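> Model the following, please.
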Amino acid sequence: MSKLVILDRDGVINYDSDEYVKSVDEWQPIPGSIEAISELCKAGFKVTIATNQSGLARGYFQQSDLDQMHDKLHLLLEKQGGSITQIEFCPHGPDDNCSCRKPLAGMINTILSSHPDTAPGDVFVVGDSLRDLEAGISAGCKPLLVETGKGKKTLATGGLPSNTIVCKSLSDALDTIIQLT
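Model (predicted):
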């Protein structure tokens, strides 16, 4: 059985922006996140990403811009000895009635179906918003909220699922994920 973790992108791996992360120059990793992903890989985890990218539907950036951001992520991870096994993204806007946009579990289910030897209950879904956690729970995964990105605001609003683990950052979540998986 393989060990798997599913990460949200903006606010978990890289800094988020209310104006959207629109270019490779705007895509900047949160300190410690690249190293944390690399450490998860070294501990035998397959690290994947499920991210809403409605900026595509809104015309704020193009597919080529998103590809460049992900290329930058892959390059930074490669230098640290880590990798991302799979990236699923929802290009739709909130009114498009798709099945992939979080809080729906479409992207997470796609990732889980790519790893049939992994039980969903053994998988952490790490996010900075309630919709990340809800998507993970809908797919049967374990929710973990990080306080980076919109995480502190999410925590302050209350109403988190009762089994949610809260960590300051992806870097701080590293030991928890390894110990509890």
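> alpha carbons only for contacts and neighbour counts from here, please
Will do.
> Can you list the residue ranges for strands in the chain?
Remark: strands assigned in the chain by DSSP state E are 3-7, 45-52, 86-90, 124-127, 142-146, 165-167.
> Ok, which of the ones you listed comes nearest E134?
strand 142-146 (7.9 Å; C-alpha to C-alpha).
> which secondary structure elements does the closest one contact?
Secondary-structure packing of strand 142-146 (3 or more C-alpha pairs under 8 Å, 6 or more residues apart in numbering; DSSP states H and E): strand 124-127, helix 130-138, strand 165-167.
> Go again with 10 Å.
Contact analysis of strand 142-146 by 3 or more C-alpha pairs under 10 Å, 6 or more residues apart in numbering; DSSP states H and E lists strand 3-7, strand 124-127, helix 130-138, helix 151-157, strand 165-167, helix 170-180 as its packing neighbours.
> Which one of these lies nearest to S33?
Closest to S33 of those, according to C-alpha to C-alpha: helix 170-180, at 5.7 Å.
> what sits up against that closest one?
Helix 170-180 has contacts (C-alpha atoms under 10 Å, 6 or more residues apart in numbering) with 3-5, 7, 11-13, 30-37, 39-40, 43-45, 122-128, 144-148, 165-167.
> switch to 7 Å and redo it
For helix 170-180, the surrounding residues in contact (C-alpha atoms under 7 Å, 6 or more residues apart in numbering) are 12, 32-33, 36, 40, 146, 167.
> residue contacts, Y15?
Contacts of Y15 by C-alpha under 7 Å, 6+ apart are 28-30, 149.
> Can you add distance to H74 and give those residues back as CSV?
Below are the contacts of Y15 laid out as CSV (distance: C-alpha to C-alpha, whole Å):
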residue, distance to H74
Q28, 13
P29, 12
I30, 15
G149, 21
